[in-house]
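Student: have a look at this prediction, sequence included:
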Amino acid sequence: MEYLALIVGLMLVTVLAVGLGDRVRLPYPVLMVILAAAIAFLPGFPAIHIEPELILPLFLPPLLFATAQKTSWSVFRVRWRTIVLLAIALVVVTTVVVASAAWLLVPSIGIPAAVALGAMVAPPDPVAVESIAAKVHMPRRLTSVLQSEGLFNDAAAIVIFQAAAAAALAGRNIGPAVAGQFVLGAAAAVLLGLAMGWLTKNSARFITSPIARSATTLVVPFAVYIAAEELHASGVVAVVVTALEVRRNARPQAAEERITGRAFWDVVELLVTGVAFGLVGLEMRQVIHTEGATIVGLLGPAAVVCVLVVLVRALWLALLIPVNRRRAAGTPPSSVKDVTILTWCGMRGLATLALALALPVTLDDGTPFPGRSEIILMACAVLLVTLVLPGLTLPFLMRALGAAESPEVEREAELVLARRAQGAAMGALRESRLLEGLSKDTVDRVKRRLLHLHDDLAEEESMDEALRERLQQRREHVIAVQTLALDAARQEVVAARTEPGVDPESADRVLRRLDLRTLLVPELE
C-alpha cells in the first residue's frame, strides 16, 4: 500500500508540476526533482526505498519507446556518425576520464569501482532533454542530435557498468572483452527488435480495436526489454529498434489508431516521466541521510567529477566542429553556439540514478563494496548539477545566444509537406472518375478546399458551426471524393517521413491534422 500511495502521489505532483511549469516557463521534470526532494525532507515523511533492479525495467522501456517513435530510420541513417561519436565514443571517453579522476581523488574505491562510476555519469538522458527542448524552441537540428545520442548511449553505459561491477565483485580488473560484449549484445538486440516489430505489425490483423492496439504498444516495450535482458542482449537497443519498426510499419489509413495512440502515449509519457524524476528527488534524502556528516569531505571530489563531466563533453563536441564543417554545411555541432547548447543539454537522469542505486552492497567474499557511498554521492551530485542547473537556466541561455528557432521555420517545414500532400490529393482526383457525377459548383468547391489544404494543415482548424452546417449539406459522393484525396495525402506524408532530410516530427504534425480531417469527414457530412 505504501508503494501504491507513493506512485499515486507522484502522479498528482506531476500534474501540478506541469501546470506550474507552464506558468513559470520551466520544464516539469526539473520541477519534479525539486518538489519531490522538498517533500521528502518534510518532517514525518516516511523513508521510501525502491528496489534498484526495478527502476530501469519499469521506467526506461516506455520512455525510450515514446522518444524513439518521434524519429525514424532515415534520421539514423543520416546521423549514424552522431551515434558512433556521441552515444558510444563520448560515453567511453567520459567513463575513462571520470574513472581516472575518481581513482586519483579516492584511491580506496579501486579501478573497477571507479569505472562503474564513470559509466553511471556518462550518458545524458533523452527524456529530460526532450521535455526541456520544446519549451525553449530549440532548433530541430540540435534536438535531433540529442535524440539520436540519447537513445543509444544508455546501452553503452549499461554494458560498461555491468562489466565493471562484475570485475569489482570478483576482485579482478576490467578487460577489453567489454567491447565484444557490447557488439554482440547490440547485434542480438537489433535482431530481437526487428522480430518484435514484425510480430507487432502482424498482430494488428487479429486486433481490430484502436484502443487495444494502443494498449499493445504499451506492453511491447516491456516485453522486448525483458526478453533482451534474459538473452543477455541490450534491452535499450531492442526497445529503440522495436519502436522504429512499429513506426515504420504504421498503415497510412490507420487515422483513428494514430489519433488514439497519440493521446494515449502523451498521457503515459507525461506520468511516467514525472514519477521517474520524482523518484530522483526522493532518493536525494536517502543519500544524504546515509552519508551524514561524511558528505562535507566528499564535496571536493564530487565537484571535480561534475566539472570533468561537463568539460569532457564540451571539448569532445568542439573537436567535431572542423569535421562537421568539412563534411556538410550546418551539420551540428558546427559552431561554438552549437557546442554551448549541446554541452548544456547533457543532462543526466534516470539511467544515472538507477545504475548508482544498483551498485552492489558487498563483494563476493562478503566485504563491503569499495567506496560505494562515495560513488553514489558523486553520481547524485553529477545528476543534480547537470539536470537542475541547465534545466533552470537553459531558457536564459537560449535567449542570450539568440538560438531559439522561429516558429516560422517549423511552419515552413510543415508547409513543404502539406504542399506535397495537396499535390498527391489532386493527382488522385485527376486519375479517378469520382468528380464526373458532381455539379460544377460542387467540383469547384471541393477543388478550392483541396487547393488550400496546405494552409489548413499548417495551422489548427477552428471548426465553427457554419462549417459544420456546410459539411452536413454535402452528399456521400463528396465524402468519397474527399476520402480518396485524403488517403492519397496521408500516403504521401507517411512516405515522406522515411526520407532523409525530412523532420519526422513535422511529418507527424501534418499527418495528425490529416487524420483529424479524415475522421471528421464521415462524421460531419
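Tutor: Structure's in. What do you need?
Student: walk me through the domains of this protein.
Tutor: Taking automatic domain parsing as the criterion, the chain consists of the domains 50-404, 408-524.
Student: right, and the ones you listed - which one's nearest D22?
Tutor: Closest approach to D22 among the domains of the chain is made by domain 50-404 (9.1 Å; CB to CB). Using the backbone N, CA and C atoms, a C-beta is placed for each residue, glycine as well.
Student: how far away is P332 from R325?
Tutor: 11 Å (CB to CB, to the nearest Å).
Student: which stretches of the stretch 301-450 of the chain have low pLDDT?
Tutor: Low-confidence regions of the stretch 301-450 of the chain, defined here as pLDDT under 70, cover residues 327-330, 406-407, 432-450.
Student: give me the low-pLDDT residue ranges for the chain?
Tutor: Judged by pLDDT under 70, the stretches of the chain that qualify are 1, 49-50, 52, 134, 290-294, 297, 327-330, 406-407, 432-481, 520-525.
Student: give me the more crowded residue out of P332 and R325.
Tutor: Comparing P332 with R325 by neighbour count (other CB atoms under 10 Å), the higher total belongs to P332, at 23 against 14.
Student: which strand or helix spans the more buried one?
Tutor: If you go by DSSP states H and E, P332 is not part of any helix or strand.
Student: run a quick check on it versus C345, I expect a contact.
Tutor: No - counting by CB atoms under 8 Å, P332 sits too far from C345 to count as a contact (11.4 Å).
Student: what sits in contact with each of the two?
Tutor: Taking CB atoms under 8 Å, 6 or more residues apart in numbering as the contact criterion, the common neighbours of P332 and C345 are L142.
Student: for A204, list the residues it contacts.
Tutor: Contacts were defined as CB under 8 Å, 6+ apart; by that measure A204 touches R213, R251.
Student: next one: stretch 112-126 to chain centre, how far?
Tutor: Going by CA atoms, centre = their mean, to the nearest Å, the spacing between the C-alpha centre of stretch 112-126 and its chain's C-alpha centre is 19 Å.
Student: what's stretch 32-45 in contact with?
Tutor: Outside of stretch 32-45, the residues within contact range by CB under 8 Å, 6+ apart are 10, 13-14, 16-17, 48, 274, 277-282, 284-285, 384, 387-388.
Student: give me the distance from it to the chain's centre.
Tutor: Stretch 32-45 has its C-alpha centroid displaced from the chain centroid by 26 Å (CA atoms, centre = their mean).
Student: may I see the buried residues of that stretch?
Tutor: For stretch 32-45, the neighbour count (16 or more other CB atoms under 10 Å) marks M32, V33, I34, L35, A36, A37, I39, A40 as buried.
Student: nearest to A400 among those residues?
Tutor: Taking CB to CB as the measure, A400 sits nearest to I34 out of the buried residues of stretch 32-45, at 22.9 Å.
Student: my read is that L151 contacts P124, right?
Tutor: No - under the criterion of CB under 8 Å, L151 is not in contact with P124, lying 10.8 Å apart.
Student: the more surrounded of those two?
Tutor: Set side by side, L151 and P124 show more neighbours around P124, with 30 against 24, by other CB under 10 Å.
Student: show the contacting residues for the more buried one.
Tutor: Under the criterion of CB under 8 Å, 6+ apart, the contact partners of P124 comprise L146, E149, G150, N153, C345, G346, M347, R348, G349, T386.
Student: separation between N202 and L117?
Tutor: According to CB to CB, N202 and L117 sit 44 Å apart.
Student: more neighbours: which of those two?
Tutor: Shown here are N202 and L117; by other CB under 10 Å, L117 has more neighbours (30 against 10).
Student: I'd assumed R372 was in contact with the more buried one.
Tutor: No - with contact defined as CB under 8 Å, L117 does not count as touching R372 (10.2 Å).
Student: gap between A358 and S335?
Tutor: In this structure, A358 and S335 are 38 Å apart, going by CB to CB.
Student: who's more crowded, the two?
Tutor: Just comparing A358 and S335: by other CB under 10 Å the higher neighbour count belongs to A358, 19 against 14.
Student: ok, the more buried one - contacts?
Tutor: Contacts of A358 were listed using CB under 8 Å, 6+ apart, and they are P52, E53, I55, L56, F161, A165.
Student: so where does the fifth one fall, helix or strand?
Tutor: Per DSSP H and E: F161 is located in helix 140-170.
Student: ok so, going back, going by distance to A243, which of the contacts of A358 wins?
Tutor: Using CB to CB, L56 comes nearest to A243 of the contacts of A358, at 16.6 Å.
Student: what's the burial count for the residue nearest to A381 when sequence neighbours are not counted?
Tutor: With CB to CB, 6 or more residues apart in numbering as the measure, A302 is the residue that lies nearest to A381, at 3.9 Å, once sequence neighbours are left out. Counted with other CB under 10 Å, the burial measure for A302 works out to 21 neighbours.
Student: in this structure A302 contacts I375, no?
Tutor: No - counting by CB under 8 Å, A302 stays clear of I375, with 10.3 Å between them.
Student: now do the helix or strand hosting I55: distance to the chain's middle.
Tutor: Secondary structure from DSSP H and E places I55 in helix 52-68. When distances are taken as CA atoms, centre = their mean, helix 52-68 is centred 10 Å away from the chain's centroid.
Student: which residues touch that helix?
Tutor: Taking CB under 8 Å, 6+ apart as the rule, helix 52-68 contacts 126-127, 130, 147, 150-151, 154, 158, 217-218, 220-222, 224-226, 229, 235-236, 239-240, 242-244, 247, 265, 268-269, 272-273, 275-276, 279, 350-351, 353-354, 357-359.
Student: what's the answer for stretch 386-400, then?
Tutor: The contact list for stretch 386-400 (CB under 8 Å, 6+ apart) reads 25-27, 29-30, 33-34, 124-125, 128, 132, 135-138, 280, 306, 309-310, 340-341, 344-349, 404.
Student: could you give the number of residues near A489?
Tutor: As a burial measure, the neighbour count of A489 was computed by other CB under 10 Å and equals 30.
Student: what's near enough to touch it?
Tutor: A421, Q422, A424, A425, L453, L514.
Student: do the same with P29
Tutor: For P29, the residues meeting the contact criterion (CB under 8 Å, 6+ apart) are V127, A128, S131, I132, T273, G274, F277, G349, L387, G391.
Student: just the buried ones out of those, please.
Tutor: Among the contacts of P29, the ones that count as buried by 16+ other CB under 10 Å are V127, A128, S131, I132, T273, G274, F277, G349, L387, G391.
Student: for the one helix or strand A212 maps to, packing partners?
Tutor: Of the helices and strands defined by DSSP H and E, A212 is found in helix 210-230. Of the remaining helices and strands, those touching helix 210-230 by 3 or more CB pairs under 8 Å, 6 or more residues apart in numbering; DSSP states H and E are helix 52-68, helix 177-203, helix 235-248, helix 255-291.
Student: what are the buried residues along the second one?
Tutor: By neighbour count, and taking 16+ other CB under 10 Å as the criterion, the buried residues in helix 177-203 are 178, 182, 185-186, 188-190, 192-193, 195-197, 200.
Student: tell me the one of those residues nearest R172?
Tutor: Closest to R172, out of all of those and judged by CB to CB, is V178, at 12.9 Å.
Student: so how far is Q181 from A189?
Tutor: Distance of A189 to Q181, given as CB to CB: 12 Å.
Student: before we move on, back to that, figure out the helix or strand that the residue nearest to A381 lives in.
Tutor: A302 is part of helix 295-327 when elements are defined by DSSP H and E.
Student: and the next element down the chain from that helix?
Tutor: Reading on from helix 295-327 to the C-terminus, the next helix or strand found by DSSP H and E is helix 336-344.
Student: report all helices and strands that that following helix contacts.
Tutor: Counting by 3+ CB pairs under 8 Å, 6+ apart, the elements that helix 336-344 packs against turn out to be helix 140-170, helix 295-327, helix 372-401.
Student: if you compare those helices, which one is most tucked away?
Tutor: Burial of the helices and strands packed on helix 336-344 is given as mean neighbour count (mean count of other CB atoms under 10 Å); helix 140-170 ranks first at a mean of 23.
Student: where's that one relative to the chain centroid, distance-wise?
Tutor: Relative to the centre of its chain, helix 140-170 is centred 14 Å away, using CA atoms, centre = their mean.
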